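K.L.:
give me the fold of what follows.
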Amino acid sequence: MASNSTGNIVDVSVIGGDGDRRCLTELQDGGSTESLRYYHSRRTVMEMLKDRGYDVPGAELSRSLAEFRTEFGEKPEPERLRITASLRSNTHKKVLVLFMGATELKVAAVRNVYKQILGEGLGLSGLILILEAKITIQAKKHLETFPFKVEVYQITDLIANVSKHVLQPSLEILTAHRKQMLMKKYKAEDKLLPRMLETDAIAKYYGLQKGQVVELTYSGGLIDFLTAYRCVI
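P.N.:
Numbering: from 1, shown residues only. Predicted structure coming up:
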């Protein structure tokens, strides 16, 4: 285990199909580290989209490492790993996930991505970029001009699914109505609730935005049952 910049505990172990926990390096089976990294990060993205309410094929979630390598090879081409998914509650809302490779992401590459999206006429409501290198300040600013939300992740942050950590409580995102009822019940305002940063690993996983309130339920261990609330800032 290790701590990230937000102070959260990050487990670098990976949960195998039989529920065992092993360090990522122990999962090496003679195949390339590159394909292993892409496999785990892509699966985490699939799980993340499913948890956000997107329609993700079960075959993608159950794909084994061997099957992944058979389809994409030991040195997967990043452009072939792209994912497109539609929201189950509104199929018109689509998200595109692109793996950007090991080259530093600059403005020119960002512009090419936008041209590609326009050319394909996808009508996106969101874009997720997975990086293996740095992104320039100018490229970040250019992403802010896109007409839809753009999220940027480093591939190393997706090797393990943070929502499956043993210490992570179950999380439910309150609807606007439930949030209103909660505030009314406790006669509270957003600023009076305990806070969760929008940049927190679990907030990024669920795509939470400022002003949203989540209900956290802790159980097991030293705590039989505890419910807490956090407001995203």
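
K.L.:
can you show me the helices along this structure?
P.N.:
Defined through DSSP state H, the helices belonging to the chain, from first to last, are 33-51, 58-62, 65-72, 107-120, 137-143, 176-186, 201-206.

K.L.:
who are the packing partners of the last one?
P.N.:
Counting contacts by 3 or more C-beta pairs under 8 Å, 6 or more residues apart in numbering; DSSP states H and E, the secondary-structure elements packed against helix 201-206 are helix 33-51, strand 170-173. To be clear about C-beta, it is placed using only N, CA and C from the backbone, and glycine gets the same treatment.

K.L.:
can I get the ones you listed in TSV including mean neighbour count, mean pLDDT and distance to residue 90?
P.N.:
As requested, those are exported to TSV (neighbours: other C-beta atoms under 10 Å; pLDDT from 0 to 100; distance: least, C-beta to C-beta, whole Å):
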stretch	mean neighbour count	mean pLDDT	distance to residue 90
helix 33-51	20	98	14
strand 170-173	14	95	16
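
K.L.:
pLDDT score for the residue of the chain positioned farthest from its centre?
P.N.:
Among the residues of the chain, the one whose C-alpha is farthest from the average of all C-alpha positions is residue 187, by C-alpha atoms, centre = their mean at 33.2 Å. Model confidence at residue 187, given as pLDDT, is 90.

K.L.:
gap between it and residue 194?
P.N.:
From residue 187 across to residue 194, the span is 16 Å (C-beta to C-beta, to the nearest Å).

K.L.:
residue ranges in this structure under the pLDDT threshold?
P.N.:
Applying pLDDT under 70 to the chain flags residues 1-29, 221-223.

K.L.:
distance check, the residue nearest the centre of the chain against residue 52.
P.N.:
The central residue of the chain, meaning the one whose C-alpha is nearest the mean C-alpha position (C-alpha atoms, centre = their mean), is residue 205 at 3.8 Å. Relative to residue 52, residue 205 is positioned 9 Å away (C-beta to C-beta).

K.L.:
can you check residue 62 too?
P.N.:
The gap separating residue 62 from residue 52 is 19 Å, by C-beta to C-beta.

K.L.:
looking at the two, which is more packed in?
P.N.:
Here residue 62 and residue 52 are set side by side on neighbour count (other C-beta atoms under 10 Å), and the busier one is residue 52, at 18 against 10.

K.L.:
which residues touch the nearest residue to the more buried one once chain neighbours are set aside?
P.N.:
When the adjacent residues along the chain are set aside, residue 52 lies closest to residue 207, with 5.5 Å between them (C-beta to C-beta, 6 or more residues apart in numbering). Contact criterion C-beta atoms under 8 Å, 6 or more residues apart in numbering gives 52, 126, 149, 151 as the residues in contact with residue 207.

K.L.:
re the thing from before, now the helices of the chain in CSV, with distance to residue 78?
P.N.:
What follows is those, written out as CSV (distance: least, C-beta to C-beta, whole Å):
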stretch, distance to residue 78
helix 33-51, 8
helix 58-62, 17
helix 65-72, 10
helix 107-120, 12
helix 137-143, 17
helix 176-186, 38
helix 201-206, 21
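
K.L.:
pretty sure residue 132 is touching residue 102, no?
P.N.:
Yes: look at residue 132 against residue 102 with C-beta atoms under 8 Å: they come within range, at 4.4 Å.

K.L.:
neighbour-wise, which of the two wins?
P.N.:
When neighbours are counted by other C-beta under 10 Å, residue 132 and residue 102 differ, and residue 132 comes out ahead with 19 against 10.

K.L.:
any idea how far the more buried one lies from residue 183?
P.N.:
The separation that residue 132 has from residue 183, given C-beta to C-beta, amounts to 42 Å.
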